[in-house]
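Chemist: predicted structure and sequence below. I'll ask about it afterward.
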Amino acid sequence: QLQLVESGGGLVQPGGSLRLSCAASGFTLDYYAIGWFRQAPGKEREGVSCISSSGHITDYADSVKGRFTISRDNAKNTVYLQMNMLEPEDTAVYYCAADQVMGRCRRIRYEYDYWGQGTQVTVSS
């Protein structure tokens, strides 16, 4: 069974950091681009970042550029999202997703084939 599991969410103060993990089971992530998306209450799910299957291509939403870093460790079958200088506006449920088309990195929801259940990130003092 193909499964993605996010972890690392929690409550953090503004200016703090969190590292989210996206672990795969039932398949190897080597051949998939991975995206991180987030959804705040009452808002559409938005693409935060993505990384191509090779790791050579990454992309970020303007709102997180310079603060978030995506990376992958194929040996551990895991993708990470390091989030620094967190702001209250970053509060949302964060999801990782896998795109089976190799070689691309896009933050477009409908291009992703497999989704995790999400992890809550709350930034508040």
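Modeler: All right, it came through fine. Numbering: from 1, shown residues only.

Chemist: in the chain, where is pLDDT below threshold?
Modeler: By pLDDT under 70, the chain contains no weakly predicted segment.

Chemist: show me the strands in it, by range?
Modeler: For the chain, the strands defined by DSSP state E occupy 3-7, 10-12, 18-25, 33-39, 46-51, 58-60, 68-73, 78-83, 92-99, 114-115, 119-123.

Chemist: beta partners of the residue nearest the centre of the chain?
Modeler: Ranked by distance to the mean C-alpha position of the chain (CA atoms, centre = their mean), the top residue is W36 at 2.4 Å. Using DSSP bridges, the beta-bridge partners of W36 come out as S49, C96.

Chemist: against F27, how distant is it?
Modeler: 18 Å (CB to CB, to the nearest Å). All C-beta atoms are positioned from the backbone trio N, CA, C, and that covers glycine.

Chemist: go on, E89?
Modeler: Look at E89 and F27: by CB to CB, they are 33 Å apart.

Chemist: chain neighbours aside, what residue packs nearest to E111?
Modeler: The spatial neighbour of E111 that comes closest, neighbours along the chain excluded (CB to CB, 6 or more residues apart in numbering), is D99 at 5.4 Å.

Chemist: and that neighbour, how many neighbours?
Modeler: Using other CB atoms under 10 Å, D99 has 20 other residues around it.

Chemist: do you know which of the strands of the chain lies nearest R106?
Modeler: With distances scored as CB to CB, the stretch of the strands of the chain nearest to R106 is strand 46-51 (6.2 Å).

Chemist: re the thing from before, nearest to I108, out of the strands of the chain?
Modeler: Closest among the strands of the chain, using CB to CB: strand 46-51, at 6.6 Å.

Chemist: which positions in that closest one come out as buried?
Modeler: Neighbour counts using 16 or more other CB atoms under 10 Å place G47, V48, S49, C50, I51 of strand 46-51 among the buried residues.

Chemist: can you check stretch 87-96 too?
Modeler: Buried positions in stretch 87-96, judged by neighbour count with 16+ other CB under 10 Å: D90, T91, A92, V93, Y94, Y95, C96.

Chemist: how about residues contacting that stretch?
Modeler: With contact meaning CB atoms under 8 Å, 6 or more residues apart in numbering, stretch 87-96 is reached by 4, 6, 9, 14, 20, 22, 34-40, 43, 45, 48, 63-64, 79, 81, 83, 115-124.
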